[in-house]
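Asks: What shape does this take:
(one chain, ligands or ions: 1)
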Amino acid sequence: MLDVTEPVLPGFTPWPADLARHYRDRNLWTGETFGDVLAARAATAPDRIAVLDPAVRWTYAELHHRARSMATGLARLGIGRGERVLVQLPNRAEFVEVVFALFELGALPVFCLPAHRAAELVPIARAAGATAVITCGTHQRFDYAALAATVRAEVPSLRHVLLVLDHGQDSPEGAHDIAEFRDEPVDLAGPSAADVAFLQLSGGSTGIPKLIARTHDDYLYSVRRSAEICELDSDTVYLATLPIAHNFPMSSPGILGALWAGGAVAMTPDPTPATAFPLIERFGVTITGLVPPLARLWTERAEAGQPHDLSSLRVLQVGGARCQDELARRVGPALGVTLQQVFGMAEGLVCYTRLDDPIEVVVGTQGRPMSEFDRIAVVDDTGAPVAPGSQGNLITQGPYTIRGYYDNPEADARSFTADGWYRTGDIVSVRPDGNLIVAGRAGDWVNRGGEKVSAEELEAHLLEHPDVRDAVIVGTPDPVLGQRICAFVQPADSVRRPTLTTVRSFVRQRGVAAWKMPDAVVVVDEFPETGVGKTSRKELRQLLADGAHGN
Ligand code: OOB
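Replies: Modelled structure (predicted):
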């Protein structure tokens, strides 16, 4: 039955009514909720494995029962439809239980990353008007319960702290063990498909956090389409390697895609080869997704030889940041997988290379939009379309791309055009075959005395240097030029450290214009990362501001 109830969450910007009707008429938006999907899988394949982690193995029937039971308990606590609940959990089975319990209730999970601390969580909780936090006790030697207590003390709307505890862990004063809220399930009214299902965080927010409200209708469409493109079925075992609350492992096709297809979701508590490779072998993992720094680590480990049998792994997705061609060429042969590039954003649009694309497309592009209903345009800084094939700003709209942030008109004024296109902030070009090449973020340019240098372009050159393992270019303030070019490099080994002289002469030999030569080289063993493992240019800039010196 089609559900045409319009969503009611204040602060949510709906799609224009005619477009919403169009998407429903075309059956892109099917009127199903995530709760409906789980109920359907539990009815048709109750005994199939739905969720696996090192400690847990739940069938669809068990997962469904647990989610309904927890939803009933949370309703008893007074958490109701439309309320926002911060969820900060590591990759473990209970994440899925908690999220489906909230879906069942019609309460909205606000997806936080385990790397978030009070400086991020307090503004998020305020912006969301959250009434509860669901987190864990101590994990990887960090006390999440204490963090939740700090956030609660700062945010008056937060009434409850609920903890997913390990055996033997006690719940501190003022918090509840969530196990106390596993009641005998009763049928709850639940949300409609047009309702907002959750709030996701936009990457790289400064100031008031940009929260992204996604409906059951629009998100399920993106999950379904992603599962089709990634050829998931009931034999799929998807490994959640990246922090599970992020949009990529959540829905591209991620854990929700695997569940939609009736497959299994497996979890690794950390993404290193030492932890993840044995789990791939143990669970028979068929697909997972990584950010480029991790893809590099996995590739290097596999190239060096490693003792685990990864033969079940068929598809390795790389996305979240630009995968350099040099790395993309190595991934498939090293790990014995089909590489898939994924260029996406929590705001909506996701592009994939297809599994049967020629290698040149898979290595050299970030794929094409997943839906024929996605609209993309490449425009200059005045908003006019650029010549076909030229680089410019990517803007987009479509059946799963938001029309505005949650309750944030200032951010909307910057990030959306008057007619509702989302400005991605990405500089791309579109090839004649429709595949996109991401050149970088609009801000990732160094403006050296008026000469613009693309960070990504220079990084690609440095990566070809035999002594360089990884490289990131950032601009640093310069009194004369405005900005200078600083290259942060990780050395390939501890003996031969790249220097400014060797790097400059190498880049010059590659026939690169003189004004693109780095002005400084800083050798570091690791790059600072964002919560999801992307390299953080912001923190690298901060390192320089704090006095890091090059040679
Ligand atoms: C994903 O989502 P977010 O919201 O954390 O970050 C989105 C931004 C994009 O606008 C782009 O700047 C960058 O991350 N990005 C890429 C990329 N994938 C994302 N830049 C270059 N190449 C790529 N392949 O990161 C995300 C969401 C869903 C699926 C995959 C990634």
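Asks: Can you tell me, leaving aside adjacent residues, what's nearest to L232?
Replies: A261 (3.8 Å; C-beta to C-beta, 6 or more residues apart in numbering). Placement of C-beta: from N, CA and C, glycine included.
Asks: Would you mind measuring from that neighbour to P249?
Replies: To P249, A261 is 15 Å away according to C-beta to C-beta, to the nearest Å.
Asks: Could you give me the buried positions within stretch 145-153?
Replies: Buried positions in stretch 145-153, judged by neighbour count with 16 or more other C-beta atoms under 10 Å: 145, 147-149, 151-152.
Asks: Straight-line length of stretch 366-384, end to end?
Replies: 23 Å (C-alpha to C-alpha, to the nearest Å).
Asks: State the number of residues packed around R508.
Replies: 13 (other C-beta atoms under 10 Å).
Asks: give the contact list for the closest residue to F283 other than its chain neighbours.
Replies: Spatial nearest neighbour of F283, excluding adjacent residues (C-beta to C-beta, 6+ apart): A266 at 4.3 Å. Residues near A266 by C-beta atoms under 8 Å, 6 or more residues apart in numbering: 51-53, 237-240, 279, 283, 285.
Asks: if we go to 6 Å?
Replies: By C-beta atoms under 6 Å, 6 or more residues apart in numbering, the contact list for A266 reads 52, 237, 239, 283, 285.
Asks: Need the pLDDT of the residue in the stretch 51-200 of the chain positioned nearest to the ligand.
Replies: Among all residues of the stretch 51-200 of the chain, Q200 sits closest to the ligand, at 7.8 Å; criterion: C-beta to the nearest ligand atom. Note for Q200: predicted pLDDT of 97.
Asks: and if you look at N551?
Replies: Predicted confidence (pLDDT) for N551: 64.
Asks: Give the rounded mean pLDDT of stretch 33-51.
Replies: In this model, stretch 33-51 carries a mean pLDDT of 98.
Asks: Can you list the buried residues in that stretch?
Replies: In stretch 33-51, counting by 16+ other C-beta under 10 Å, buried: 33-39, 41-42, 49-51.
Asks: Also stretch 14-25?
Replies: Within stretch 14-25, the residues that qualify as buried are 14-15, 19-20, 23-24, counting by 16+ other C-beta under 10 Å.
Asks: still on that earlier bit, report the two of the buried residues of stretch 33-51 separated the most.
Replies: Farthest pair in the buried residues of stretch 33-51 (C-beta to C-beta) is T33 and I49. Separation: 22.8 Å.
Asks: The buried residues of stretch 33-51 also near the ligand: which ones?
Replies: Restricting the buried residues of stretch 33-51 to those touching the ligand (C-beta under 6 Å from any ligand atom) yields no residues.
Asks: Now, the contacts of A266 that are in helices?
Replies: Under the assignment DSSP state H, those contribute F283 to helices.
Asks: Please report which of the contacts of A266 has the highest neighbour count.
Replies: Greatest neighbour count in those, by other C-beta under 10 Å, goes to L239: 27 neighbours.
Asks: quick one: low-confidence ranges for the stretch 1-150 of the chain?
Replies: Under the criterion pLDDT under 70, the flagged ranges of the stretch 1-150 of the chain are 1-7.
Asks: Do a quick rundown of the helices in it.
Replies: With DSSP state H, counting those that start in this stretch as the criterion, the stretch 1-150 of the chain has helices at 17-25, 34-44, 60-77, 93-105, 118-128, 144-154.
Asks: For the residue located most distally from the centre of the chain, which phi and psi angles does the backbone take?
Replies: Distance from the C-alpha centroid of the chain, by C-alpha atoms, centre = their mean, peaks at V480 (38.7 Å). Dihedral angles phi and psi of V480 (degrees, to the nearest 10) take the values phi -90, psi -50.
Asks: Likewise for V265?
Replies: phi -110, psi 130.
Asks: How confident was the prediction at it?
Replies: Reported pLDDT for V265: 98.
Asks: That one against A258, yeah?
Replies: Yes: at 4.9 Å, V265 counts as touching A258 under the criterion of C-beta atoms under 6 Å.
Asks: wait, what's in contact with R117?
Replies: Counted by C-beta under 6 Å, 6+ apart, R117 has zero contacts.
Asks: And it, its phi and psi?
Replies: phi -120, psi -170.
Asks: Same question for E184.
Replies: Backbone torsions of E184, given as degrees, to the nearest 10, read phi -60, psi 120.
Asks: distance of it from S371?
Replies: 41 Å.
Asks: So these two - more neighbours on which side?
Replies: It is S371, of E184 and S371, that has more neighbours when counted by other C-beta under 10 Å, with 18 against 8.
Asks: residues touching that one, list them.
Replies: R225.
Asks: Return the closest of the buried residues of stretch 33-51 with respect to the ligand.
Replies: Nearest to the ligand among the buried residues of stretch 33-51 is F34, at 17.4 Å by C-beta to the nearest ligand atom.
Asks: Compute the number of surrounding residues for the residue nearest to the closest one when sequence neighbours are not counted.
Replies: Of all residues not flanking F34 in the chain, F103 sits nearest, at 4.5 Å (C-beta to C-beta, 6+ apart). For F103, the count of nearby residues is 25 (other C-beta under 10 Å).
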